[in-house]
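Visitor: Got a predicted model here, sequence first, then my questions.
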Amino acid sequence: MAIDSSFNVDGCTLDDCVEAYETARAEGRAALVGQFLPDRQHPDYHRIVIELLRVDLEYAWNEGRQTALEDHLRSFPDVLQDSHAISVLAYEDFRLRLQSGEQVNPDDYRRHYGADVTGWIDADEIRSLNASVDGGQRTAVTGSVEPDPDGLTEPPEIRHDTATQFQTATSPGELIDIIPGCRFLNFNVVRELGAGIHGRVFLARQTALADRYVVLKITHRGTVEAQRLASLQHSNIVPIYSVHEGGELAAICMPYLGRTMLSHWVSCLKAAPELPSCGTEFLDGLGNAFESSSEISPPTPSITTRFPDRSAPPALPETGGSEIVDVRSADGVPSASPANHVSERTLGGNRVSPFAAPADPGAQPLFGQLREGATDYTGLVLCVVHGLSEGLTHAHRSGILHRDLKPANILLTDDGQPLLLDFHLALRLDAAPEAETGVGGTIPYMSPEQLKNLAGDSAKTEDPRSDVFSLGVVLFELLTGRLPFATSTGRLGDVVQAALDARLRIPSARQHNPAVSPAVDAIVQKCLRSDPDQRYQTAGELSEDLRRQREFRPLRYAGNPSIRERLRKWFQRHPGATSVSFISVVTSLILLSTLLAWNMRERHVTALEAFETFSTVQGPMREAMAALSVPLVDPDERAEALRAGNSVLASWDVLSPQAWQQRPKYQALTDDQQSQLRHQLSDLLFLLAEAEMRAGAGDATTSAGGGDSSPPVAARLNQLAMDCFPQENVPLFLVRQRQDQGWDAAEGGASRAVPPDGLPSVSGMTTDRASQAMQLLVQGRLRPAAQILDALSREQPDSFLVWFRLGICRYGLGDYASAEQCFTTCLAISPASRQAVYRRGMARLKGDRLAEARADFDRVLQQNPGSGSALVSRGLTWMAEQKWQPAVDDLTAAIENGFSQTRVYFLRSRCYRQLGDNEHAETDRTEGLTRTPTDPLSWMARGVARLNDEPDAAIRDFRSAIQMNPRQYDAYLNIAHVYEQKLDRPSDAIAVLDESLHDENENALSWAGRAVLHARHDNPSRARADAARALELDDAPMVLYQVACAYALSMPDDELRNEAMHLLARAFAQDDSLIRLSMTDPDIKPLHSDERFRKMIAAARIMQMLSSQPSASTEQVPGTSDSSQ
């Protein structure tokens, strides 16, 4: 049998299966039980089959298909072999036949099916119940006949022991064995009015008090609803007479005040061809439609976090709530499922509604109070909701939160008074959190905070504003005949998330009903704000605005968007104001008001534009400053970062001749926003100036300041950054940037804000640690910058730029794991940041986490398919895994997309050679040698390619890399290698490293490399000093290995020999690729004869075999680095 394509049975639960089945039935789709069953190996397969068959039986009977129980038993013979399963289905069949009026006897089921009928209603009780029905008519459980007022026979009383026989069920609707015509305590049950998961509601007569009609809500003992209601005394909240208890049951006795629920009102709205305009005509229609309706839907059950267990033993009918979340019938409108319909009965040849009230010869017209003054339909709705808001205000002031406001829980009494009902989910506002009874409500009417609680976000506390939101939904529905938010069906989590997403848009009732005035629409929209702080803060505020609207007065809390409506209200309050002179004065005032309103509108529009620009530019601002925080030595990356920064500056006209801080858009920002923007733009301008200086000659297509040469452009950017602050508050890093470059006031036309006597004094200039760290990072002083940023990350854990810059420092210092964590934190703060994704991928690549790195590069390429940097980096992950063809594909794509770094040809040449394609390998190598590099990494790659054949040319290439990036320390190491190994000039090699090493050089490999050189050439004291400095700076595997080499060359010092062994062990543990290098490295050869070394190598090889994985290292000449990664 084909599985329903809309339902995934993998990993489904019992409730998932039942929900899918009932959803399919509600949507009118063909639904066979077998379509919704999991695999037979599913642990709950038998329980799911039993429950689906129970539900299918009920649907069949309610649709008029009297399906035989034998048909279901034959369909699943392997499951229904145990007596428990047969008893469950037998009782369901018995219950349905009893409801339909058939003569059934439990003994028949015991004899025919072997069912356990313990606890079923016996034959005597059935005969007694049948005898109590006038004319022999049968009564459905969901509706009953009207007993003869003149000759009501004494009905059989429910025995308390009968009610307690079904304690194994989990829902009050299943526990209560009550049917119309019986007697419960001192009440004669007349008919069932409704049912839910918290109980059942009956119309009854109280024989002890004048045989009056009352409403009984029967549920388990221990319910707090009666206590909640008893504390509320208000004309818009249903009162209670008393509470009665019997056995495990409790009954709340309330007056019978009418039969019209607000859900019936909504049903009439939906059934009408168009929305009503006249209030009294609608009330007439509502009464007539209700009297003549033959099918009325019961209220939709509320959603709670505690659902009934569908696997209970044979139980009474499930008339109440369901775990299925189908919000299409949540407004009380009859659904497509006949199971929701209440049967109409026949009495004396007349069709009588099952909710019909006893006849009252002296009754006044229905809804008399509402007919007074509610001529138009909108006024009628406001009158009803105003009364409800008054009742809600009283409840809140009494410390009670309703939590389940909806049309099905609002009664419209026969005299027209709206009453709040059903406080079973109510919560005391002063209750301790542990005393709460769970999350509840009905999803279409839930506030966002209720929905978040339902989704498990316990931090979202409900308060009176949640009830205001729900009442706003009711108000919208009464005005328009529809729910304000889109609804859906399916699994609870999906439905809740869809509802939360829908509430992000504020609906307009006026859009669906033009008769709704702008002020009324403003009231509705204020109720339905997603942010509780933007709603009415109390129900009293809502009540005040509703009262003012009904009295034709300006609203106090919501906006008054229409001047025309304000005038109309005024005239309605002052009907005598119609003289010519008065009209002339009013006309003049209108013209003046129009001019003022236009001016106010212009200012309002400017403020909105300013706020929108401020909000939307935050993301690009963050990305631009992140890109500029990285050393931009590649022309393409530098151009892209400059363009991003230029775009942000253009958003605020920073580069225009007119002072940007004097423009209306900036002036419209709040003081806090202005301060934040000035600091952000000053940082951005500082970084742009640094990038321009590194760029050398300016480029008109990329420079942020235009087409001038870079120093004037950079000077102007610096001056603009200083102009962001008053003279006495200019940050120190901006002043130092200007002084370090020797820019004076006349340079680059940047004389604004510079006093005649030159730059302000450095002393007294303000600075902050974040700016200091930014300056250190730009200068390449990573270690002190990291120390500051590490402290800031604890103080400002949600700062994207702090974490990003800390990640750049960690990456530059070789701590790739920490760098990855920093960039991951960045993505938690700003998930769409392409810079953070790419940098995390690079950290993962350096840390040999190749699959994760590739996933990050894939993510970058999804946003920017032509990113050459991401393509080359992804190619490096393939090369590290020795997957040469995918690497060739990515490198080729980078070239085709215009990637300018010539190192890509050397990388692809290596891949071709590994694939055995020597022709293409040589072609790429030649192409790489021919092209002039434009970035330091490409100079390095070409130098390595020329090292063996043209050592002097290789040195020139390495020098070019240093000239482009003075902090390219591995270039110095490569030059030293050429001098010593290729040209036999060790003194020149040491001199090159002396050139690179100074106090600010924190590159541990440079210090370790010079230590090896000193050790090779018999200068042990200097070797030891450099080795100590290297270990002080870093303990990366290659640093440990190089220092071990220096110590090994200092033989026969036993202390250094032991230390060398210790350092090698640490290096091997972190990077097993060094094991192979140590076997052929002449610097380690003095240790080869040591027994400890041989044992360490053997052990390391064993560990390497046990946990072998591809290394991210690439082939290169020993002792050199091409920095291709």
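Guide: Structure received.

Visitor: Just the pLDDT for Trp598.
Guide: At Trp598, the pLDDT value in this model is 75.

Visitor: actually Pro561, sorry about that
Guide: Listed pLDDT for Pro561 reads 83.

Visitor: can you give me the helices for the stretch 951-1100 of the chain?
Guide: Under the criterion DSSP state H, counting those that start in this stretch, the stretch 951-1100 of the chain contains helices at 951-964, 969-977, 986-996, 1004-1016, 1020-1033, 1037-1048, 1054-1070, 1073-1080, 1091-1106.

Visitor: correct me, but Met254 touches Val215?
Guide: Yes. Counting by CB atoms under 8 Å, Met254 touches Val215, with 4.6 Å between them. The way it works is simple: take the backbone N, C-alpha and C, and place the C-beta from them, glycine included.

Visitor: In the chain, spot the helix with the most residues.
Guide: Secondary structure assigned by DSSP state H gives helix 580-616 as the longest helix of the chain.

Visitor: So what touches the helix or strand just after it?
Guide: Of the helices and strands lying after helix 580-616 in sequence (DSSP states H and E), the nearest is helix 618-628. Helix 618-628 is contacted by residues 637, 640-641, 644-645, 647-648, 651, 680, 683-684, 687-688, 690-691, 800-801, 804, 830, 832-836 when judged by CB atoms under 8 Å, 6 or more residues apart in numbering.

Visitor: Repeat the analysis, applying 6 Å as the threshold.
Guide: Helix 618-628 is contacted from outside by 641, 644-645, 648, 680, 684, 687, 691, 800-801, 804, 835, using CB atoms under 6 Å, 6 or more residues apart in numbering.

Visitor: next one: stretch 548-568
Guide: Contacts of stretch 548-568 (CB under 6 Å, 6+ apart): 382, 517-519, 522-523, 526, 536, 541, 544-545, 569, 572-573.

Visitor: Could you dump the helices of the stretch 951-1100 of the chain into TSV with distance to Arg221 and mean pLDDT added?
Guide: Formatted as TSV, the helices of the stretch 951-1100 of the chain follow (distance: least, CB to CB, whole Å; pLDDT from 0 to 100):
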stretch	distance to Arg221	mean pLDDT
helix 951-964	84	90
helix 969-977	80	88
helix 986-996	86	87
helix 1004-1016	76	88
helix 1020-1033	75	89
helix 1037-1048	72	90
helix 1054-1070	68	86
helix 1073-1080	74	82
helix 1091-1106	66	75
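
Visitor: Those into CSV, with extra columns for mean neighbour count and distance to Glu19?
Guide: Formatted as CSV, those follow (neighbours: other CB atoms under 10 Å; distance: least, CB to CB, whole Å):
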stretch, mean neighbour count, distance to Glu19
helix 951-964, 20, 65
helix 969-977, 26, 62
helix 986-996, 18, 70
helix 1004-1016, 25, 62
helix 1020-1033, 19, 62
helix 1037-1048, 26, 56
helix 1054-1070, 18, 53
helix 1073-1080, 15, 55
helix 1091-1106, 13, 49
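
Visitor: between these, which one is nearest to Thr877?
Guide: Across the helices of the stretch 951-1100 of the chain, Thr877 has its closest neighbour in helix 1073-1080 (16.4 Å, CB to CB).

Visitor: which helices and strands sit right next to that closest one?
Guide: Helix 1073-1080 sits against helix 1054-1070, with contacts defined as 3 or more CB pairs under 6 Å, 6 or more residues apart in numbering; DSSP states H and E.

Visitor: Would you check how far apart Pro38 and Asn729 are?
Guide: Pro38 is 69 Å from Asn729, where distance means CB to CB, to the nearest Å.

Visitor: Looking at those two, which is more packed in?
Guide: Neighbour tally, Pro38 and Asn729, criterion other CB atoms under 10 Å: the higher count belongs to Pro38, 20 against 11.

Visitor: so that one is in which element?
Guide: Using DSSP H and E, Pro38 is not contained in any helix or strand.

Visitor: and if you look at Phe202?
Guide: Following DSSP H and E, one finds Phe202 within strand 199-206.

Visitor: With Phe857 instead?
Guide: Using DSSP H and E, Phe857 sits in helix 850-863.

Visitor: right, and the helix or strand after that helix?
Guide: Using DSSP H and E, the helix or strand that directly follows helix 850-863 along the chain is helix 868-880.

Visitor: Enumerate the positions of the very next helix or strand once past that next one that are buried.
Guide: Note on helix 868-880: by DSSP H and E, the next helix or strand toward the C-terminus is helix 884-896. By 16 or more other CB atoms under 10 Å, the buried positions in helix 884-896 come out as 884, 886-888, 890-891, 893-895.

Visitor: would JSON lines of those with pLDDT and distance to Lys1095 be doable?
Guide: Shown next, in JSON lines, are the buried residues of helix 884-896 (pLDDT from 0 to 100; distance: CB to CB, whole Å):
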{"residue": "Trp884", "pLDDT": "95", "distance to Lys1095": "37"}
{"residue": "Pro886", "pLDDT": "95", "distance to Lys1095": "40"}
{"residue": "Ala887", "pLDDT": "95", "distance to Lys1095": "38"}
{"residue": "Val888", "pLDDT": "95", "distance to Lys1095": "42"}
{"residue": "Asp890", "pLDDT": "94", "distance to Lys1095": "43"}
{"residue": "Leu891", "pLDDT": "95", "distance to Lys1095": "43"}
{"residue": "Ala893", "pLDDT": "94", "distance to Lys1095": "48"}
{"residue": "Ala894", "pLDDT": "92", "distance to Lys1095": "46"}
{"residue": "Ile895", "pLDDT": "93", "distance to Lys1095": "49"}
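
Visitor: Kindly indicate which of the residues you listed lies nearest Leu275.
Guide: Of all these, Ala893 has the smallest distance to Leu275: 59.3 Å, by CB to CB.

Visitor: buried sites along the longest helix of the chain?
Guide: Buried residues in helix 580-616, defined by neighbour count with 16+ other CB under 10 Å: 607, 610, 613-614.

Visitor: Ok, stretch 255-267 next?
Guide: Residues 256-267 are the ones in stretch 255-267 that count as buried (16+ other CB under 10 Å).
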